[in-house]
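**Student:** could you look at this predicted model? Sequence included:
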Amino acid sequence: MLNIARLRPIAGLAIVAALASASAVAQKGDDNQGDQDSREIKHVFVIAMENHNWTQPTQVPGDIQQIYQNPNNPFINSLVNGTAMAWINGKAVNISKHTAYAMSYHNVLATQSGNNPHIHPSEPNYLWAEAGTNFGIANDDDPYKDTNPNAQNTTQHLTGLLQKAGKTWKSYQEDIDLATVNGKLTNVPAPRSEWTVPLTSLSGTFDANSLLNAYNDSLQYNYAAKHNPMVFFADTNGGNNTTASNPLRLNYAPLQQLQSDLDNNDVANYVWITPNQYNDQHSALKAGFAGLTGDASQLKVGDNALARLVPMIMSSKAYKDGGVIILWWDESEDDGETNDNPDDFSHTIPEIVISDLAHPNEAGLPYASAVDFTHSSDLRTMQEIFHVKVKGGSSPFLGDAANANDLSDLFAPGVIPSLH
């Protein structure tokens, strides 16, 4: 029998406190982060977060809070205000020196007036991030739940193009491929031989003797297929096959595998990371977090997860050799005001780039771009970085990516190549 000892609760906010307490003189120790031997982006790590605005018109008590300048997001805000510090490879590093961010990132198809198509809830936005369209889908159903499945047969999507071009991709999802003991799921990954393509969402609570979640000290789990974009395309999900015989299964890995892959430099060109629905700021834990409940606790949990994931990636060889981390949120949200319209330009979505190749700081602070961006901008940029084109069409870009600004304003001049 597998013995699983209960993990002692970690100090969930310790990493944030450590970052905040690092002194300015420690910046002398971050020279090792500038050792990239070219201006070519080789690895992109997207960390997908959920359901919050970067800025919004108002704050209604009890409703969703914006992230920008919110004290419940200390790590995220330290990235953009110049104070983010972390120990990376034994040295104190000012992460903010590697950061640029968007101040005008909007929901897909948003307009000044908000009189535009409503691309919500989550799943349509994840599909858009892969293909530049939501294929008419307006729900959060699992890929093969419906009679006409939400899974698409087209190969015209980002990871499909990457596969064809011989580029690698991998999706790390929290709370998938879990081992079972005495008929109950545990917070321990199953052996690699048992991994599957995670086509079905699952949530619940582990046995009291299971390991606690590494990012929020709880026993709750909550994987959502709707937050896993590659799983909605037949050429990257291997078909409706939830067994270990699925040929695409090793393109999906439990989030716990990320540290090992980074340590072994076994890193794909394009990496998509989705924390579970508590750690991505989507849902609140039953007991709250850090003495908070409701949306405040959701924000704090997600911020704490990012405060651990970002330094982990920055410590890797893959990051130092042409690596980019993109902190990405899925959609704008109603802030609770009467007649509020989350699809107008008064609501922005967070988008933060962390890389040695990011736009240099200005006046000692991370660069804040005023260029209008959407998920189509990310998609266009990924096609440019990895040089993957749509063939035989009127445009080399996927769907609405043909109409979007790319993210070049968030990077140093000349880093984002042209696809034409």
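**Tutor:** Done, it's in. Keep in mind that this is a model prediction, so the values were computed, not measured.
**Student:** quick one: buried residues of stretch 183-197?
**Tutor:** For stretch 183-197, burial by neighbour count (16 or more other Cβ atoms under 10 Å) applies to 185, 186, 187, 188, 189, 190, 195, 196, 197. No exception for glycine: its C-beta is placed from N, CA and C like everyone else's.
**Student:** who's the fifth one bridged to?
**Tutor:** It stands for residue 189. As for beta bridges, residue 189 partners with residue 178 under DSSP bridges.
**Student:** is it in contact with residue 256, as I believe?
**Tutor:** Yes - assessed by Cβ atoms under 8 Å, residue 189 is found in contact with residue 256 at 5.1 Å.
**Student:** go through the buried residues of stretch 183-197 and name the one nearest residue 141.
**Tutor:** Using Cβ to Cβ, residue 197 comes nearest to residue 141 of the buried residues of stretch 183-197, at 16.4 Å.
**Student:** still on that earlier bit, from the buried residues of stretch 183-197, which single one is nearest residue 137?
**Tutor:** Among the buried residues of stretch 183-197, residue 197 lies closest to residue 137 (Cβ to Cβ), at 19.2 Å.
**Student:** could you check how far the closest one is from residue 222?
**Tutor:** For residue 197, the distance to residue 222 equals 19 Å [Cβ to Cβ, to the nearest Å].
**Student:** swap in residue 262?
**Tutor:** Using Cβ to Cβ, we find residue 262 at a distance of 24 Å from residue 222.
**Student:** for residue 256, same thing?
**Tutor:** Going from residue 256 to residue 222 by Cβ to Cβ gives 16 Å.
**Student:** residue 212 now?
**Tutor:** In this view, residue 212 and residue 222 are 14 Å apart by Cβ to Cβ.
**Student:** try residue 328
**Tutor:** On the measure of Cβ to Cβ, residue 328 and residue 222 end up 19 Å apart.
**Student:** now residue 130
**Tutor:** Taken as Cβ to Cβ, the span from residue 130 to residue 222 is 22 Å.
**Student:** so these two - more neighbours on which side?
**Tutor:** For residue 130 versus residue 222, the count of surrounding residues by other Cβ atoms under 10 Å is larger for residue 130: 25 against 22.
**Student:** average model confidence for whichever strand or helix holds that one?
**Tutor:** Residue 130 is part of helix 122-131 when elements are defined by DSSP states H and E. Across helix 122-131, pLDDT averages out at 98.
**Student:** what residues does that helix touch?
**Tutor:** The contact list for helix 122-131 (Cβ atoms under 8 Å, 6 or more residues apart in numbering) reads 48, 50-51, 107-108, 119, 133-135, 137-141, 150, 152, 154, 156-159, 224, 226-230, 232-233, 282, 328, 330-331, 375-376, 378-379, 398-400.
**Student:** same check on stretch 358-372?
**Tutor:** Counting by Cβ under 8 Å, 6+ apart, 79-82, 96-106, 324, 353, 405, 409-412 sit against stretch 358-372.
**Student:** quick one, which of those are buried?
**Tutor:** Going by neighbour count (16+ other Cβ under 10 Å), the contacts of stretch 358-372 have 79-80, 82, 96-106, 324, 353, 405, 409-412 buried.
**Student:** next step: those residues restricted to helices.
**Tutor:** 79, 80 (DSSP state H).
**Student:** and residue 87, how many residues sit next to it?
**Tutor:** Quick note: residue 87 (other Cβ under 10 Å) scores 16 neighbours.
**Student:** correct me, but it touches residue 95?
**Tutor:** No - in this structure, residue 87 is not within contact of residue 95 by Cβ under 8 Å, at 10.8 Å.
**Student:** quick check: neighbours shared by those two?
**Tutor:** What both residue 87 and residue 95 touch, as defined by Cβ under 8 Å, 6+ apart, is the set residue 311.
**Student:** distance of residue 212 from residue 289?
**Tutor:** Per Cβ to Cβ, residue 212 is found 13 Å from residue 289.
**Student:** over to residue 247?
**Tutor:** 39 Å.
**Student:** now the strands for the stretch 1-150 of the chain?
**Tutor:** For the stretch 1-150 of the chain, the strands defined by DSSP state E, counting those that start in this stretch occupy 43-49, 85-88, 91-94, 99-102.
**Student:** in JSON lines, list these along with distance to residue 114 and mean pLDDT.
**Tutor:** Output for the strands of the stretch 1-150 of the chain, formatted as JSON lines (distance: least, Cβ to Cβ, whole Å; pLDDT from 0 to 100):
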{"stretch": "strand 43-49", "distance to residue 114": "23", "mean pLDDT": "99"}
{"stretch": "strand 85-88", "distance to residue 114": "38", "mean pLDDT": "93"}
{"stretch": "strand 91-94", "distance to residue 114": "38", "mean pLDDT": "95"}
{"stretch": "strand 99-102", "distance to residue 114": "19", "mean pLDDT": "98"}
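**Student:** just name the most buried of those.
**Tutor:** strand 99-102 (a mean of 26; mean count of other Cβ atoms under 10 Å).
**Student:** residue 379: what secondary structure?
**Tutor:** helix (DSSP: H, G, I helix; E, B strand; the rest coil).
**Student:** please renumber the chain so that the first residue is 10 from this point on.
**Tutor:** Yes, from this point I'll number from 10; that puts the last item at residue 388.
**Student:** what's the closest non-adjacent residue to it?
**Tutor:** Excluding its sequence neighbours, the residue lying closest to residue 388 (Cβ to Cβ, 6 or more residues apart in numbering) is residue 410, at 4.3 Å.
**Student:** more neighbours: which of residue 256 and residue 298?
**Tutor:** residue 298 (25 against 10).
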